[in-house]
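Participant: predicted coordinates and the sequence they were generated for:
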Amino acid sequence: MARSPSTTDLNTLRRYPIGVEVIRHADGSASTHARVWAPAAASVEVVIYDDASIVSASPLSPEGDGYYSGEVRDAA
């Protein structure tokens, strides 16, 4: 089984410095990655809603300098 890409690996595959985007991997699979700048936040998560109920919540990891990033579950 292949290892999951780390946040650092995903950041190198990004086209834009912040936002949410689909990342295409060499093996043909895809994942959704988010990166935001939130310098005053203690924590950040991306929440996906479907008709007012939560489908998933994905916490983002702090990178330093106010940036948070991570893979977003159930979005690809």
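Facilitator: Okay, I see it.
Participant: got a list of what Gly19 touches?
Facilitator: If you count contacts by CB atoms under 8 Å, 6 or more residues apart in numbering, Gly19 has them with 34-36. For the C-beta atoms, the positions are set from N, CA and C on the backbone; glycine is no exception.
Participant: hey, what's it bridged with?
Facilitator: Here Gly19 shows beta-bridge partners Arg35, assigned using DSSP bridges.
Participant: same check on Ile23?
Facilitator: Per DSSP bridges, residues listed as beta-bridge partners of Ile23: Ser31.
Participant: what segments of this protein are helices?
Facilitator: With DSSP state H applied, the chain shows helices at 7-13, listed in chain order.
Participant: low-confidence stretches in it?
Facilitator: By pLDDT under 70, the weakly predicted segments of the chain are 1-12, 76.
Participant: swap the cut-off to 90 and go again
Facilitator: Per-residue confidence of the chain (counting by pLDDT under 90) places the weak regions at 1-17, 23-26, 28-31, 48-56, 73-76.
Participant: select the longest strand from it.
Facilitator: Longest among the strand segments of the chain by residue count, using DSSP state E, is strand 53-64.
Participant: strand partners (parallel or antiparallel) of it?
Facilitator: Paired neighbours of strand 53-64 in the sheet (DSSP bridges): strand 44-50 (antiparallel), strand 67-72 (antiparallel).
Participant: winner for burial among those strands?
Facilitator: Looking across the strands paired with strand 53-64 with neighbours counted as mean count of other CB atoms under 10 Å, the highest average goes to strand 67-72: a mean of 20.
Participant: for Glu63, see how far away the residue nearest to Ser56 when sequence neighbours are not counted is.
Facilitator: The spatial neighbour of Ser56 that comes closest, neighbours along the chain excluded (CB to CB, 6 or more residues apart in numbering), is Asp74 at 4.1 Å. In this structure, Asp74 lies at 23 Å from Glu63, with CB to CB, to the nearest Å as the measure.
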